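J.: Next comes the sequence, and after it the predicted model I'd like to discuss.
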Amino acid sequence: MQTWQFLSALGLIFLIGELVVPAFVLFPIGVGILLSALVSVWVPSSPDIVWVSAVIVGVVFFSLRKIYRLFHPEKPVSTAADRYVGQRVEVMSKVDYVHKDGEVKLYGEAWTAMSLHKDEVFEKNEVAVVAAIDGNKLLLVKLSDLK
């Protein structure tokens, strides 16, 4: 079996594999290997075709992935924590902007919280509203700020 035949068969295997595992990873590799099969007709030695194939596959892979991402941008990951924004919480210990270690109760669970604004302080048993979430910390605003 000649080099171009081997590379053609391998390229087709990768293209068929993309049909089974649609992640747009095997397709550019398969296209790169098929292009390498074309080039192998003019490159006489096998060790040289390995390097040429590696370069062709790399260029095709990164080029096609970039084109793919233009038409299929990644969507931001939404977490379940987003549903907490706008919820009322009960302050368990003093919450302010400086100390960043206050606690609030949300749905029966204790959360670390801090004030969203520098001048707002929340005392124990006060009711606040979750304005945003920063990591695992709730950012709070006064209930009166929403009205």
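T.: Great, that's in hand.

J.: From here on, just use CA atoms for contacts and neighbour counts.
T.: Noted.

J.: How is this protein divided into domains?
T.: Domain ranges of the chain: 3-71, 80-146, per automatic domain parsing.

J.: would you list these in JSON lines and tack on mean neighbour count?
T.: JSON lines is the format used below for the domains of the chain (neighbours: other Cα atoms under 10 Å):
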{"stretch": "domain 3-71", "mean neighbour count": "16"}
{"stretch": "domain 80-146", "mean neighbour count": "17"}
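
J.: Could you pull out the helices in this structure for me?
T.: Here the chain has its helices, by DSSP state H, at 3-20, 26-40, 46-71.

J.: Those helices into TSV, with extra columns for distance to Gly108?
T.: What follows is the helices of the chain, written out as TSV (distance: least, Cα to Cα, whole Å):
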stretch	distance to Gly108
helix 3-20	46
helix 26-40	48
helix 46-71	42
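
J.: So which elements touch the lowest-mean-pLDDT helix or strand in the chain?
T.: Least confident element among the helices and strands of the chain, by mean pLDDT, DSSP states H and E: helix 46-71 (a mean of 85). Secondary-structure packing of helix 46-71 (3 or more Cα pairs under 8 Å, 6 or more residues apart in numbering; DSSP states H and E): helix 26-40.

J.: so what secondary structure elements neighbour the helix it packs on?
T.: helix 3-20, helix 46-71.

J.: Which of the ones you listed sits closest to Asp119?
T.: Closest to Asp119 of the helices and strands packed on helix 26-40 is helix 46-71 (Cα to Cα; 43.4 Å).

J.: Let me know the angle separating that closest one from helix 26-40.
T.: Helix 46-71 runs at 140 degrees relative to helix 26-40, counting by axes from the mean of the first three to the mean of the last three Cα atoms, to 10 degrees.
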